[in-house]
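[1] the following comprises the amino acid sequence and a computationally predicted model.
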Amino acid sequence: MIDFKIIKKDFSTIYGLFFSILFLIRALLNSIIPLTDKTEARYGEIARLMAESGNWIVPQIDYGIPFWAKPPLSTWLSASSSILFGENEFALRLPYLIISMVIALLLGRYAIKKKINFFIPGIILFTLPEFFLHGGVISTDLMLSFSVALTMLGFWECIHAKNKTLWGVLFFVGIGLGLLSKGPLVGVLTIPPILIWLVRFRFSPKKILQLPWLLGILIVLIIALPWYFLMEKNSPGFIDYFIVGEHFLRFIDSSWSGDKYGFPKQQPLGIIWIFLFAGALPWSFILMGKVKSKIVTYWNDQWQLFLWLWVLWTPFFFTFSKSLIHTYTLPVMIPISLIILSNWSTFKRKKYILTIALSLPILLFGAYFLKPTQQAISESTDKYMVQQSINDGTILYALLFKSYSSQFYSKGRVKVITPEELESMINSSKIFSVIIQNRHKSQIAPEILKKLNPQIIRRKDGLYISH
């Protein structure tokens, strides 16, 4: 059990202040940054549609169009939060901020074991750029990371702690939540490193039997099976697309033609390691220095090797994937924090290291207010064009293509029209606003284009209002 007197005492220290500042910065960014295309606005719109329609079984990417790419746990959280706190960016992101905090506090128990300030692992975690970013992004990756953490730490504690049933149950809860977060990938990222660790230290199979298998399997089925069953029943074809397509074809074929929602992401072989190194700065530099002199020590240390296998297995698995993004490294930010915590007493210049680490999120916060950042954000969301249309009191349309952010901020009212429909509406002297991408302008007759007054002009598109 965690001694809350220790937590209260540690919170009053400089480390408690640092952790609070990091949390507040992330919370402020959550409230002021708009939903940006493509990924975050997409998940925000799926959550908005779920809350509006009341359909909690089949996530929708547009009215009547099911979203098969991911299970619904993250969408359930965002949709529930928007119902409770309003349809805004902060409410949609709030569950992820809370989960980030829960993960940080979960790691705090390992600081207490080493008689280190409870909030140090949380500070480390929030100063890892990859984790800091996802404390405020609507996506499935943070819930997967939380699920992986429950599974891995549940296993470790079940093997070593006295209360084996509790931690064994958490192991299976993690798998169940992972199946609802991102599917069978939770098993792919956890079972191999556990098995390698067991073989390395020649653990008896009896150790595995310490897990509450019958109760655990029942828990996994109760958590995950009902939704998978109801989803396939209400949206036939989901299982084939999600299990076969998303979990096999996506990783072996970057141009997989069955991908309904993404786009080809051909990446150089092994780039996942660069993503990992960059996402863990500046701590990745420090860890590299430690590894050089302690490889043998780590190989023989059960806890250290457990953490390193947790860290290295994920990038190794994705090394050979032809389609990946940097968020695939998010689950290993948690064991990286624990490795740093385990070596905390060996660091000679802790204040200097913390100063550099803390400067990154603070600089990111300050960079938000710079003109180039504001420009980049405005180019990546249609929020301001939707707001301009609302201010003008006009109905909003989109020529040939509508973004997820235009769907979200217009509450699903933006409609896609063809060039022929645009011409007909202009000739009828109808007053309206339309978002037009530059690549589609060639499909509009010059005399028709002249009858549109530009309201907002951007690099790739613009908002126009009819005369």
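    Okay, I see it.

[2] only C-alpha atoms for contact and neighbour calcs from this point on.
    Fine.

[3] please pull out the lowest mean pLDDT helix or strand from this structure.
    Ranked by mean pLDDT, DSSP states H and E, the helix or strand of the chain with the weakest confidence is helix 250-252, at a mean of 57.

[4] find the nearest non-adjacent residue to Leu97, please.
    Gly135 (5.0 Å; Cα to Cα, 6 or more residues apart in numbering).

[5] quick one, longest helix in this structure?
    For the chain, the helix that runs over the most residues, judged by DSSP state H, is helix 89-113.

[6] tell me which residues of stretch 62-82 come out buried.
    Judged by neighbour count using 16 or more other Cα atoms under 10 Å, the buried positions of stretch 62-82 are 66-82.

[7] these in strands, which ones?
    The strands, defined by DSSP state E, take in Pro66 from those.

[8] the buried residues of stretch 62-82 in helices, which ones?
    73-82.

[9] pLDDT of stretch 149-160, averaged?
    Across stretch 149-160, the average pLDDT comes to 94.

[10] residues in contact with the longest helix of the chain?
    With contacts defined as Cα atoms under 8 Å, 6 or more residues apart in numbering, helix 89-113 is touched by 2, 26-27, 30-35, 44, 77-79, 81-82, 85, 117-122, 125, 134-138, 142-143, 146, 338, 341.

[11] you'd agree Glu130 is up against Leu330?
    Yes: counting by Cα atoms under 8 Å, Glu130 touches Leu330, with 6.2 Å between them.

[12] mind checking how far the residue lying closest to Ile417 once chain neighbours are set aside is from Gln304?
    Spatial nearest neighbour of Ile417, excluding adjacent residues (Cα to Cα, 6+ apart): Leu399 at 5.1 Å. When distance is defined by Cα to Cα, to the nearest Å, Leu399 is 56 Å away from Gln304.

[13] what of Ile83?
    Note on Ile83: its distance to Gln304, by Cα to Cα, is 43 Å.

[14] who has more neighbours out of these two?
    Counted by other Cα atoms under 10 Å, Ile83 and Gln304 do not tie: Gln304 has more neighbours, with 18 against 14.

[15] show me what contacts that one?
    Gln304 sits next to 298, 339, 342 when contact means Cα under 8 Å, 6+ apart.

[16] what average pLDDT does the helix or strand where the second one lies get?
    Using DSSP states H and E, Ile339 falls within helix 333-342. Over the span of helix 333-342, the pLDDT mean works out to 94.

[17] and the following helix or strand past it, what does it pack against?
    In the C-terminal direction, the helix or strand that comes right after helix 333-342 (DSSP H and E) is helix 350-368. Packed against helix 350-368 by the contact rule (3 or more Cα pairs under 8 Å, 6 or more residues apart in numbering; DSSP states H and E) you find helix 14-32, helix 129-134.

[18] beyond helix 350-368, next helix or strand please.
    Using DSSP H and E, the next helix or strand after helix 350-368 towards the C-terminus is helix 371-379.

[19] output that next one as PDB, nothing but the C-alphas.
    C-alpha atoms of helix 371-379 as PDB (Å, rounded to 0.1, in the frame of the first residue of the first chain):
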ATOM      1  CA  LYS A 371       3.800  33.600 -34.800                       C
ATOM      2  CA  PRO A 372       5.300  30.600 -36.800                       C
ATOM      3  CA  THR A 373       3.600  28.200 -34.400                       C
ATOM      4  CA  GLN A 374       0.300  30.000 -34.600                       C
ATOM      5  CA  GLN A 375       0.500  30.000 -38.400                       C
ATOM      6  CA  ALA A 376       1.300  26.300 -38.500                       C
ATOM      7  CA  ILE A 377      -1.700  25.500 -36.200                       C
ATOM      8  CA  SER A 378      -4.100  27.700 -38.200                       C
ATOM      9  CA  GLU A 379      -3.000  25.800 -41.300                       C
END
